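1. I'll drop the sequence and a predicted model, then ask my questions.
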Amino acid sequence: MRESGTGLHSISVEEFEEMIENHDDFLVVDVRDPGEFERGHIPGAILIPLAALEGAAADKLSDARQKTLVVCSQCGTRSAVAAGNLMQKGFDNVYSLAGGIDRWQAQGLALVTE
């Protein structure tokens, strides 16, 4: 896990896999558009598109303040913005998945289409 000069934390796919294996208490927030999410997402992820996250939809996460949030997007750009927004809203343990879904798939990890 790395911190940028702006205080934003990112997590690599490998580090996230360790988190999953350790059964850490986390929530995956996918900030892509609904169509992207439907084509495939990380198992257990919840969809809150970036535009909605900047509005009232962040309230959906109010019960998750004690959990670690792993935010993902297609390549990691939108998730970095979303993670910054969540940190400004008072969420402490927020990580942007470095490389996003693209890197997840490049590592050979599966997506689900529930």
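-> Thanks, I have it.
2. ok, then the element right after the longest helix that the chain contains?
-> Longest helix in the chain, counting residues (DSSP state H): helix 77-88. On the C-terminal side of helix 77-88, the nearest following helix or strand under DSSP states H and E is strand 94-97.
3. So which residues make contact with that next one?
-> Residues outside strand 94-97 that contact it (Cβ atoms under 8 Å, 6 or more residues apart in numbering) are 1, 8-11, 13, 16, 68-73, 76, 79-80, 82-83, 86-87, 103-104. Every C-beta, even on glycine, is put in place using the N, C-alpha and C of the backbone.
4. Please save the CA atoms from the next helix or strand after it in PDB.
-> Using DSSP H and E, the helix or strand that follows strand 94-97 towards the C-terminus is helix 100-106. Taking C-alpha atoms only, helix 100-106 is exported to PDB below (Å, rounded to 0.1, in the frame of the first residue of the first chain):
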ATOM      1  CA  GLY A 100      -8.200  -0.900 -11.600                       C
ATOM      2  CA  ILE A 101     -10.200  -3.600 -13.300                       C
ATOM      3  CA  ASP A 102      -7.700  -3.600 -16.200                       C
ATOM      4  CA  ARG A 103      -4.900  -4.700 -13.900                       C
ATOM      5  CA  TRP A 104      -7.200  -7.100 -12.000                       C
ATOM      6  CA  GLN A 105      -7.900  -8.900 -15.300                       C
ATOM      7  CA  ALA A 106      -4.300  -8.700 -16.500                       C
END
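5. Got the confidence number for the residue most central in space within the chain?
-> Nearest residue to the geometric centre of the chain (Cα atoms, centre = their mean): V71, 1.2 Å. At V71, the model reports a pLDDT of 97.
6. Next, it: phi, psi?
-> phi -100, psi 130 (degrees, to the nearest 10).
7. okay but it is in contact with G84, surely?
-> No - using Cβ atoms under 8 Å, V71 makes no contact with G84, being 9.5 Å away.
8. returning to what we had before: which of the contacts of strand 94-97 count as buried?
-> In terms of neighbour count (16 or more other Cβ atoms under 10 Å), the buried residues within these are 8-11, 13, 16, 68-73, 76, 79-80, 82-83, 86-87, 103-104.
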